[in-house]
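Participant: Quick one, structure for this:
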Amino acid sequence: MITEENIIVVDSDYTSLIAQAIKTFWSTKKKQLTASGDTTNRGAVVGGKQMDKFINLLQKVATDAGVPANCIITGKNYLPGYFRSSKDWDMLVIAPSGKLIAAIELKSQVGSYGNNFNNREEEAIGSAVDLWTAFREGQFPNQQAPWIGWLMVVGHDKASKRVVRNYEPHFQVRPEFNGASYIDRYRILCQKLILERHYTSTALLWTSDETNYGDVSSDISIYCFLTSFAGYLNGMANEFK
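Facilitator: Got it, this is the predicted structure:
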């Protein structure tokens, strides 16, 4: 399991909501595969909806932090970009004044690692660079930098734990990628996204079935992610009065 202790953030216990989010992730994935009749996993990869309970979890964290429900946006979540006209995020928090308080992206991958890892990686980097460049260029005027989060769920299985081959026909890759599995590479990505300040916080959860899941690394744990999110919202309380 994720931890021997409950996930308590600012006196609120989110342990059961995290467990329910993982359970729903798997049940939705299985339904999508059955409905699509696709045995290649593509039906579940492109089906969406698997992370809906994680959105519910984040909504609960936000409301517990005092954010009015009408300031939590989970539909038509388009934000203007710089390199593209707009990007549809998974969840936004927007103050009554119109200030962007937070934007969160949720992703998952179970299976098809070789085909989709680079896509997930490029999406995470690209979305952040586009948003922050737009912020620099005044698309979100008269406000401080928003809280930007990226939460990833990755499968814990033989394929995701396998060491990935590096391709070095001309130059060597960085040493941290030597002997790294797909889960390792997601960990490296999440840690570097914070290090380079592309995201305020990231979280990486592994899961092997409906009841087995955990943090890949303590510094990018779901607890740290929720604590950072709740703390920022509490610090912005005046924006919602």
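Participant: How confident is the prediction for N41, by pLDDT?
Facilitator: For N41, the model assigns a pLDDT of 53.
Participant: and if you look at C190?
Facilitator: With respect to pLDDT, C190 scores 98.
Participant: helices or strands up against the helix or strand containing it?
Facilitator: Take DSSP states H and E as the rule and C190 turns out to sit in helix 182-195. When contacts are defined as 3 or more CB pairs under 8 Å, 6 or more residues apart in numbering; DSSP states H and E, helix 182-195 packs onto helix 113-136, strand 147-155, helix 158-161, strand 201-207. Where you see a C-beta, it was placed from the backbone N, CA and C, and this is true even at glycine.
Participant: Go through the ones you listed and name the closest to I22.
Facilitator: strand 201-207 (5.5 Å; CB to CB).
Participant: I'd like to know which of the helices and strands packed on helix 182-195 is closest to Q59.
Facilitator: With CB to CB as the criterion, Q59 lies closest to strand 147-155 of the helices and strands packed on helix 182-195, at 13.3 Å.
Participant: Including mean neighbour count, distance to T63 and mean pLDDT, could the helices and strands packed on helix 182-195 go into a markdown table?
Facilitator: What follows is the helices and strands packed on helix 182-195, written out as a markdown table (neighbours: other CB atoms under 10 Å; distance: least, CB to CB, whole Å; pLDDT from 0 to 100):
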| stretch | mean neighbour count | distance to T63 | mean pLDDT |
| --- | --- | --- | --- |
| helix 113-136 | 17 | 24 | 94 |
| strand 147-155 | 24 | 16 | 97 |
| helix 158-161 | 14 | 34 | 95 |
| strand 201-207 | 23 | 19 | 97 |
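Participant: and the ones you listed as CSV, adding distance to L226?
Facilitator: Below are the helices and strands packed on helix 182-195 laid out as CSV (distance: least, CB to CB, whole Å):
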stretch, distance to L226
helix 113-136, 19
strand 147-155, 10
helix 158-161, 24
strand 201-207, 8
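Participant: Mind checking these for the one nearest to M51?
Facilitator: Closest to M51 of those is strand 147-155 (CB to CB; 7.1 Å).
Participant: in its sheet, what does the closest one sit against?
Facilitator: Strand pairing for strand 147-155, using DSSP bridges, gives strand 100-109 (parallel), strand 201-207 (parallel).
Participant: hmm, back to that, so which of the helices and strands packed on helix 182-195 gets nearest F177?
Facilitator: Once these are compared by CB to CB, helix 113-136 is nearest, at 12.1 Å.
Participant: returning to what we had before: indicate which one of the helices and strands packed on helix 182-195 is closest to G235.
Facilitator: Taking these one by one with CB to CB, strand 147-155 is closest: 9.4 Å.
Participant: After the helix or strand of the chain with the lowest mean pLDDT, which helix or strand is next?
Facilitator: The helix or strand of the chain with the poorest confidence is helix 42-47; it has a mean of 46 (mean pLDDT, DSSP states H and E). The helix or strand immediately downstream of helix 42-47 is helix 52-64, counting by DSSP H and E.
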